[in-house]
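In: Kindly generate the corresponding structure for this input.
(chains A and B)
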Amino acid sequence: MVSASATTTSDPIAHTFAALAEQRRKALVAYITAGHPDRARSLALIRAIVRAGADIIEVGVPFSDPLADGPTIQASSQTALANGMTFDGALDLIGEAAVDVPMVVFTYLNPLLAAGKDALDRAARAGASGLLLTDLPVGADPEREARIAAGPLAFIRLVAPTTPADRMADIARHGSGFVYLISRLGVTGARDDIAADLPATIARLRSAASLPICVGFGIARPEEAVAIGRLADGIAVGSALVRHAEESVDAAAAFVASLRAALDADVRR
Amino acid sequence: MTIVERQDRFGVFGGRYVPETLVPALDQLAEEYDRAMADSGFRAELNSLLCTYVGRPSSLSDAPRFSELVGAPVYLKREDLNHTGAHKINNTVGQAMLARRMGKRRIIAETGAGQHGVATATVCARFGLECVVYMGEEDMRRQALNVFRMKLMGAEVRPVTSGTRTLKDATSEAIRDWVTNVTDSHYIIGSVVGPAPYPRIVRDLQSVIGTEARAQMLERAGRLPATVVACVGGGSNAMGIFHAFVPDREVELVGVEAAGEGLETERHSASLSRGTPGVLHGSLSYLLQDEHGQVHPAHSISAGLDYPGVGPEHSHLKDSGRATYVSVTDAQALDGFQTLSRLEGIIPALETAHAVAWVASRRGRWAEDAPVLICVSGRGDKDVTQVSEILAAADA
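Out: Sure, this is the predicted structure:
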């Protein structure tokens, strides 16, 4: 459960988690790659998956060398770059989508560095609420991390199955919004099972962090969403959604709706 | 917060920009490496292997006819005479010993020209470790002989078909494997690149080149070289030979990058000459990239220099002015390849040929008694098929 201290009304992400906790529902965090399959369809996708029940949207700014990503998101990033997508292009998309759920800019450090010193202010003005960087672990660059934390966006940090308990506490202390728990070793991508040590990892993280916990990497089916939703405050879905998006906007929306229904049905039971 | 040690950076460059999953493994590696280097037994075994298995110390050769061309005495540090034919094995021997010390039985490596892949496959055979080498599909075509050598020694070579299908993407793929198998696998990175502590570890393990060469120069020439020259892709042979000379302020250090089809074109690998600081493969360093922070594909005739980044310590040596970085085109490197073969009976690797070509083109730059030291990072046997095809096409 989300503790009351994690709630501040000025932060849309905290507000979302507080509202969900009140309804005893789980957060559904959905990732799309900006500019994939093309700009028009990623705009339609954002609106469609919000209607289908996503609580938070992660908008991926593509990077040429996504070393934390598996084949699905690598390919979507290549497509998006070929379509001319950029950091500011993704912000335009966020602004134009104008949806009423929090939007998180999800990317690697290098495109953010290239976007200049006021990049996060521009992101906030476009309507983004959070930032997630896959290759800036806590403690790697304290000055830069402090500048980001002092900026206008919630700074969502990642925890891995390999993270020791004392480091989990460090990570939670230096993050905001929620903690993104990587469910398993490896890169992003749909898998057929849930990591066996996940419940133990969540329990360790729970005792180290008061922020809400969302679990991602490898979730592809409603059953997995339900199983993880019983342990965490939310689930994040990426590669599986990108694959559906490749098929059609409707297929992606139907997939999100199926996860939403499964998560909500489990709570009601 | 985890304290980031000063030794994780070279000036502002370096660092550890990696997925969270790898952070504990990098912590473990740094600790285990420092413990190993403080362990006299570890150092003794490493030295013994370098002598009896690698064939160190490597020779320092005079180059009388090449010296005549240059107008100054040129000395060649012969890393091409090492077992497996290049400097790469200095690093892989030490890292395989580290892997064994950490109880990791599976080794991952990336390779461009194939020399690092071969050097890794070699030590894995020697230590009985499982070995997986990632190699760009394009490089597998260019370096088919090295692919066979790796397989012969029991390594699995996995073709990389993403992105540019060269060293950059092979490195990304190797890191993805490591993220997935980090508990039982050690990643032997092949150059002074990647997240801390790798640039420091690889530099230390390669510094034997410069330590030997410095003593050999004092003995043979009776003085330090005026200039030390080495090719730079990621930059491990260059850091290896530079390191011992860095405190000798009177010794000029020159790194030679690949200018490919020309610095004025988009087709080169000159990260230090033409790049801007950015983050790739876990560290902040000079990088070929566009204004949006997307990494620009590199090009070089030599697969080993075909990399858009460079080791962070080189970025620091450049910005601090301690080293100078120049570049040489594909065509000039081909000339250097032939010149050293014809004048000295030494066929250099195409990578090394860049350093050779730069010195050859600078006749009159040095006083006639000022010694020039070139690092012959590897032998050119792997390149003869490619070069013969290019020369035949040029004749046609």
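
In: Tell me the spatial nearest neighbour of residue B:319, not counting adjacent residues.
Out: residue B:11 (6.3 Å; C-beta to C-beta, 6 or more residues apart in numbering or on different chains). The C-beta positions use only the backbone N, C-alpha and C, and glycine is treated the same way.

In: I'd like to know how many residues surround the closest residue to residue B:50 other than its chain neighbours.
Out: Excluding its sequence neighbours, the residue lying closest to residue B:50 (C-beta to C-beta, 6+ apart) is residue B:56, at 4.3 Å. By other C-beta atoms under 10 Å in any protein chain shown, the residues close to residue B:56 number 20.

In: Go ahead and confirm residue B:59 touches residue B:79.
Out: No. Taking contacts as C-beta atoms under 8 Å, residue B:59 lies outside contact range of residue B:79: 9.7 Å.

In: which residues touch residue B:138?
Out: B:164-166 (C-beta atoms under 8 Å, 6 or more residues apart in numbering or on different chains).

In: Over in the stretch 1-150 of chain A, which residue gets nearest chain B? Let me know.
Out: At 2.9 Å from chain B, residue A:114 is the closest residue in the stretch 1-150 of chain A, using C-beta to the nearest C-beta.

In: Do I have it right that that residue meets residue B:293?
Out: Yes. Using C-beta under 8 Å, residue A:114 makes contact with residue B:293 at a distance of 2.9 Å.

In: Have a look at those two and say which one is more surrounded.
Out: Just comparing residue A:114 and residue B:293: by other C-beta under 10 Å the higher neighbour count belongs to residue B:293, 25 against 19.

In: ok, the more buried one - contacts?
Out: Contacts of residue B:293 by C-beta under 8 Å, 6+ apart are A:63, A:87, A:110-115, B:278.

In: can you pull up the bridge partners for residue B:276?
Out: residue B:287 (DSSP bridges).

In: Now for residue A:114 and residue B:293: what residues contact both?
Out: With C-beta under 8 Å, 6+ apart as the test, residue A:114 and residue B:293 both reach A:87, B:278.

In: secondary structure class for residue A:101?
Out: Under DSSP: H, G, I helix; E, B strand; the rest coil, residue A:101 falls in the coil class.

In: Next, count neighbours for it.
Out: 20.

In: Just want the phi and psi numbers for it.
Out: phi -120, psi 160 (degrees, to the nearest 10).

In: What score does the residue nearest to it when sequence neighbours are not counted have for pLDDT?
Out: Once flanking residues are discounted, residue A:101 sits nearest to residue A:50: 5.4 Å by C-beta to C-beta, 6+ apart. With respect to pLDDT, residue A:50 scores 98.

In: Which residues are in contact with residue A:50?
Out: So residue A:50 contacts A:57, A:99-101 (C-beta under 8 Å, 6+ apart).

In: let's see it at 10 Å
Out: Counting by C-beta atoms under 10 Å, 6 or more residues apart in numbering or on different chains, residue A:50 touches A:30, A:56-57, A:97, A:99-101, A:103, A:253, A:256.

In: Next: residue B:19.
Out: Contacts of residue B:19 (C-beta under 10 Å, 6+ apart): A:67-69, A:108, A:134-137, A:158, A:160, A:162, A:182, A:186-188, B:175-176, B:178-179, B:182, B:282.

In: Check the burial of the closest residue to residue A:104 other than its chain neighbours by counting its neighbours.
Out: Nearest non-adjacent residue to residue A:104, counting by C-beta to C-beta, 6+ apart: residue A:130, 3.8 Å away. Using other C-beta under 10 Å, the number of residues around residue A:130 comes to 23.

In: near chain A too, which of the contacts of residue B:138?
Out: residue B:164 (C-beta under 10 Å from any C-beta of the partner chain).

In: Compare the contacts of residue B:138 and tell me which has the most neighbours.
Out: Counting by other C-beta under 10 Å, top hit in the contacts of residue B:138: residue B:166 with 25 neighbours.

In: Is it in contact with residue B:137, as I believe?
Out: Yes. Proximity of residue B:166 to residue B:137 meets the contact threshold set by C-beta atoms under 10 Å, at 8.8 Å.
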